[in-house]
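[1] No letters, just coordinates:
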């Protein structure tokens, strides 16, 4: 609420009022759904120092709640963060083991690592062209931008790291 009190007073008031009514993980889950719905935007949650917090049962319960919300949102039954980034994690398996009881069996990863990610991160030839065009403009070059972009795409299949490295070398 403090972060939004200057830029979005209505949102700040909503957050402050809502926070006073949260007294359980179920209430927190409802709050997150309502907040994301109210924002009507994709929200990214970034959490750092995860390994330090991973021995805290409250934190582990929070992560488990986020996982459950994510799985429900995939089926259109909940609203939650667009993505959650866990930083400072040495090994996801250590958190995975803490998320479920010893008697609970689960075939897939609670982190959805075993599921296919249906996001194409690769650049197309048309998305590479502006990088080459910017370079050509900066250096006042008259080059065949489409041909160079096509060749870069040919060698990289649009992989962002490779495209960036080749553009850097060029």
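    Sure, I can see it. Everything quoted here is computed from the prediction, not taken from an experiment.

[2] And stretch 150-168, end to end?
    This stretch, stretch 150-168, spans 16 Å end to end (CA to CA, to the nearest Å).

[3] chain center to it: distance?
    Averaging C-alpha positions (CA atoms, centre = their mean, to the nearest Å) puts stretch 150-168 24 Å from its chain's average.

[4] in it, what counts as buried?
    Buried positions in stretch 150-168, judged by neighbour count with 16 or more other CB atoms under 10 Å: 152-153, 156, 158, 162-163, 166-167. No exception for glycine: its C-beta is placed from N, CA and C like everyone else's.

[5] Kindly report the same for stretch 63-79.
    Of the residues in stretch 63-79, those buried (16+ other CB under 10 Å) are 63-67, 69-70, 73, 78-79.

[6] Ok, stretch 15-35 next?
    Within stretch 15-35, the residues that qualify as buried are 15, 18, 28-29, 31-33, 35, counting by 16+ other CB under 10 Å.

[7] what's the farthest-apart pair in these?
    Taking every pair in the buried residues of stretch 15-35 and measuring CB to CB, the maximum separation is 15.7 Å, between 15 and 29.

[8] show me where the protein has strands.
    Assigned by DSSP state E, the chain shows strands spanning 44-47, 83-86.

[9] got CSV for these, with distance to residue 57 too?
    CSV is the format used below for the strands of the chain (distance: least, CB to CB, whole Å):
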stretch, distance to residue 57
strand 44-47, 16
strand 83-86, 17
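
[10] show me where pLDDT drops low in this protein?
    In the prediction, the chain carries residues with pLDDT under 70 at positions 89-119.

[11] if I look at residue 36, how far off is residue 124?
    Using CB to CB, to the nearest Å, residue 36 is found at 30 Å from residue 124.

[12] between the two, who's got more neighbours?
    Higher neighbour count among residue 36 and residue 124: residue 36, with 19 against 11, using other CB atoms under 10 Å.

[13] Next, the contact list for the closest residue to residue 34 other than its chain neighbours, please.
    Setting aside the residues directly before and after it, residue 34 is nearest to residue 18 in space (CB to CB, 6 or more residues apart in numbering), at 7.0 Å. The contact partners of residue 18, by CB atoms under 8 Å, 6 or more residues apart in numbering, come to 31, 34-35.

[14] run the last query once more with 10 Å
    For residue 18, the contacting residues are 1, 27-28, 30-32, 34-35, 38, by CB atoms under 10 Å, 6 or more residues apart in numbering.
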